[in-house]
Structure formats: C-alpha cells, structure tokens
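1. no sequence for this one, just the structure:
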C-alpha cells in the first residue's frame, strides 16, 4: 500500500509538468500529493503566465511558485553574476524560510539561493551577491537599500514573486515595492500570492502584471465548512475577567506553544508581564523590539524555552511556527481579514489547531462576521470551571503515564513495586504512584478557588504581617537560584527595613512574590530597582492581582 501511494504521489506531481528531478526531490522530502493551490498554479506558471493567487498561510503556496520558478530557470538558463529570480517577503523569518525551501527544492538543479534582510551585516550580503546567485529572497526595505547602493543588479530578473503581498502593503512597503518592480525588466513573469486580496492590491496589479490569471483557493477551502483543522471557540465575558479566563483556557488546552494577540504594544507588554507573574513562560513581540530581540523570541519558542508569545498583528506578520497549537484573540481583531490572518497561524500540515477568542458582550456581533468570512462555526463556550481544570489535569497525567507504559523500560522499578505490594494493596500502590506523577506535573492545584487563576503564595515559615499588606514582583526565581534568604537580605540591605517586616515569600521558576507592609512598598520598589540580586539586575515592581488585598 505504501509503495502504491508513493507511485500515485509521484504521478500527481509529474502530471503538473514538473521536471523529474524536482519530482524525485519532492518524493524524498515526503510530499504525498499536490495541494489545491499547487495543482491550480503550477501548470500556468510553467507556461509563463502572470498570476494572482489567494491562499491561506500553510496551504503550500511557497512550493506553488518556487517549483515553477526553479524549473523555468533550469530550462531557460541563468545569468552569470546577477540573479535571475526575485522573491519578496514581508519579514526576516519568512525570508529565511522561503530561501531554505528554495534551496531544498532546487538541490538537484544546482540552484543557488540567498536571503537578504535587515539586521544582517550589509557587507556580508554584498559579498554574496557579488559572487553570483540565481535566486534572491528579500524583504522590501533591504532590497531597496541594495538598489540604492547599486550592490544588487535586477536587470536579469525573469521571474518575480511577491509572497504575502497584502501583508507587505499593511506594513507600509507600498513605495518600496513600486521601486523594486520598476527596477526589473518589463517582460518578466510576475506572481502575487496573498492570504487575502484587498482592493488596494488592484492598482499595483494593473500597473505591473500582464493579463494575470486569478486563483482563489481560500474560498474553496472554506466552502465545505470551517477553516480546515482549526477548532474555533469564543468566550463572551466582561473585559475585567479576561486575564482569569485566559489562565483557565491555557490550563485547559495545555498547548506546547501558543500565540496571543493584543491590539497595542502597551497591552502586549502589560499582558506579558501579568502572565509571567502567574508562572507562564511568555515573551512579547511587537514593533517596539529590535530585530535581534524578535529573532531571539522566535528561536526560544521553536526550542521550547517559552510557551507563549504575546504579539500585535503587525509583529506577527510572516511569522511561521510549525508546532504552534493555539491562537488566542485576547483582543478581538478589528476586521474579518485580521481574524483570518490570526487563526491561519495554526492548523497546518494536517495538524489540528485551536483558535480562541475572548470577546466582550458588545463585541459578540463581530463573531457573526468572522463566521461568514471563514464559512465556519465559532462555538460559544462556557468558561472552564475549577472542576474542568482538575479533570483536564488528571487526564493529562493519565496520558503521560500511558506513554511511559508504551515506551517500556520499566523493569528497573519492578523490585520497588513488588516490595510495596507485599505490604499494601496493589491498587493503593498504583494510586500513590499516580498521585506523585500528578503532583510532579503541577496537577495538585486543588486549593484553587472559583474565580482565582493564580496559585496562592506558599508559606515559607516567616511570621504574618499586621495591618494592610502589599506584594512586590521580583523577576527571578528558582531557575536563577533565588532563595528566600537572598530576597530578605536584598530587601533589608537596600531598603533599610527589618527582617521581621518581610512577610511570606513565593518563589516560582522564573519569578518571586514577596509580601510587605503596604506603607513600605514604594520605598522598597524604588530601592530594589537600583540593586542587584545574586549579581544580576532584575525587574522589580508592585504586584497587583485581582482578588488580592494589594
């Protein structure tokens, strides 16, 4: 059966007119059959037609223009010393991804590809271009920089592709795109690919494309129901409850990685900090951070070093994280197109994704617009209860134990189990083992009360404080080797208060919470911001949590 499937897969790409070498490469890479956008776009592109393609992110549109581009370069010949094809993309991350895909597809054809983008040394890019390259994958801003400095010659371009054209316009690259297009030969083949095709693209199409074929795969994908592989859910709640509900949603879904959307930079920073205070590993992504910071955040997410990225729409443009499992609209998007862009980040490559929207009652009407736009159903769900969370945590523990059983290698523990079984009922032994596993996974949060998403402070043996109390957030915890005595010593040493004036201390993996008398809070925060804890400067601020006296 597997052999028969491989033959059918090979025939599927061969029937599109692709070079046998490309087909062989696709087979080796595990491609099973062409996607709808590939079936529709590859034949006319091989014929040299200009084309406008509408397809959501994750539908295989990179291969839809990359494969014909590689084949036409191999067939028609390449230019020595100058690129023959140019691909424009909105972000650095997408430039690297597309360049890697082009390299992988074109190995058998010996095609050379380089990405050029901001944040990389200009001289290094200049030297690579000077050595000669067949395909350039570039962000518009950096491409214009090379044109102005005359370090990139586009006179030999025979094929030009704009990937995520609408996003580049949204990001303000319209003028740069016009500059680049005007520097390429008029007889080139031009391809526009985009998840949406707003009217503002029409003028650019009219000026730069010749009788283009228009393909709209996105509508076909939605015609049979919901956006494929994306479960859409909404919670209708007052805005003041959003943070608590978000915590419960994250605990219930338990995603390996998630993307949370806010409208503004300030909201992104605020939510990231509040999630961190609740023990989540979250990072911010918005226009106010540097390119190096952005790259570091994405690298950490891919490596599993963080669980959540909180982002604005613009900062998430071109972001492609294969293992992304959950998208949360913490702020409801302003348009159906924005909603489609956001939820299109999950549900790729055959995996199911989840898109959750937290909507104020006044925003609930927008959900109907989103449903019509995606031709899918958005389920209005009840906020998860504490009982739901307990059941979910227990189910996750059960699944983890089941995985260990399937993996095997348990004989090493047989002696301990047999010894316990001589003194206790075997069922009790199993129950105790499950309890330990459940606790180790952080599942013993049974003390949580209805409406409270954050764990209560842990008692570290210090005496209680009299009078009004408040708490400070310290941006370092167990991972940094922080102990209660470190915090007490730093606070008493810098702020000049007595040790018995420091209340309970909670130390989590990446942050700590310290109780202090309310009148002392501002003085302690100001003093601690100028100091080091274990040789490092850390974030210190007043901690305010819903439902707490502070």
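-> Arrived safely. Please read all numbers here as calculations on a predicted model, not as lab measurements.

2. Give the burial count for the residue lying closest to residue 204 once chain neighbours are set aside, as a bare number.
-> Closest residue to residue 204 apart from its sequence neighbours, by C-beta to C-beta, 6 or more residues apart in numbering: residue 177 at 7.0 Å. (Each C-beta comes from the backbone N, C-alpha and C, glycine too.) Residue 177 is flanked by 19 other residues according to other C-beta atoms under 10 Å.

3. Just confirm residue 177 is within a helix.
-> Yes. Per DSSP: H, G, I helix; E, B strand; the rest coil, residue 177 lies within a helix segment.

4. Tell me if I'm right that it and residue 139 touch.
-> No. The pair residue 177 / residue 139 is not scored as a contact, 11.0 Å apart, by C-beta atoms under 8 Å.

5. Now for these two: what residues contact both?
-> residue 88 (C-beta atoms under 8 Å, 6 or more residues apart in numbering).

6. circling back to that earlier point, now for the residue nearest to residue 204: which residues touch it?
-> By C-beta under 8 Å, 6+ apart, the neighbours of residue 177 are 88, 140, 162, 168-169, 204.

7. Which of those residues sits closest to residue 35?
-> residue 162 (19.5 Å; C-beta to C-beta).

8. what's the closest one sitting at in phi/psi?
-> Here is the backbone geometry of residue 162 (degrees, to the nearest 10): phi -110, psi 110.

9. Can you get me a residue count around residue 539?
-> Neighbours of residue 539 under the rule other C-beta under 10 Å: 13.

10. where along the stretch 251-400 of the chain do the helices fall?
-> 265-277, 291-303, 336-343, 364-374, 386-407 (DSSP state H, counting those that start in this stretch).

11. can you check the stretch 1-150 of the chain too?
-> All helices of the stretch 1-150 of the chain, identified by DSSP H, counting those that start in this stretch, fall at 2-14, 20-28, 36-46, 61-76, 92-105, 122-131, 140-148.

12. Can you tell me which of the ones you listed is most buried?
-> Across the helices of the stretch 1-150 of the chain, averaging neighbours per residue (mean count of other C-beta atoms under 10 Å) puts helix 61-76 on top, at a mean of 23.

13. Name the residues that touch it?
-> 18-19, 22, 26, 31, 35, 37-38, 40-42, 45-46, 48, 53, 55, 84-85, 87, 97-98, 101-102, 105-106, 109, 111, 134-135, 158-159, 161, 163, 189, 191, 193.

14. relative to helix 20-28, how tilted is that helix?
-> 150 degrees (axes from the mean of the first three to the mean of the last three C-alpha atoms, to 10 degrees).

15. Neighbours of the closest residue to residue 371 other than its chain neighbours, how many?
-> Residue nearest to residue 371 in three dimensions, not counting chain neighbours: residue 378, with 5.4 Å by C-beta to C-beta, 6+ apart. Counted with other C-beta under 10 Å, residues neighbouring residue 378 total 21.

16. Please apply the same query to residue 198.
-> 13.

17. Hmm, residue 166 and it touching each other?
-> Yes. If you go by C-beta under 8 Å, residue 198 and residue 166 touch, sitting 5.9 Å apart.

18. who touches both of these two?
-> Taking C-beta under 8 Å, 6+ apart as the criterion, residue 198 and residue 166 both touch residue 337.
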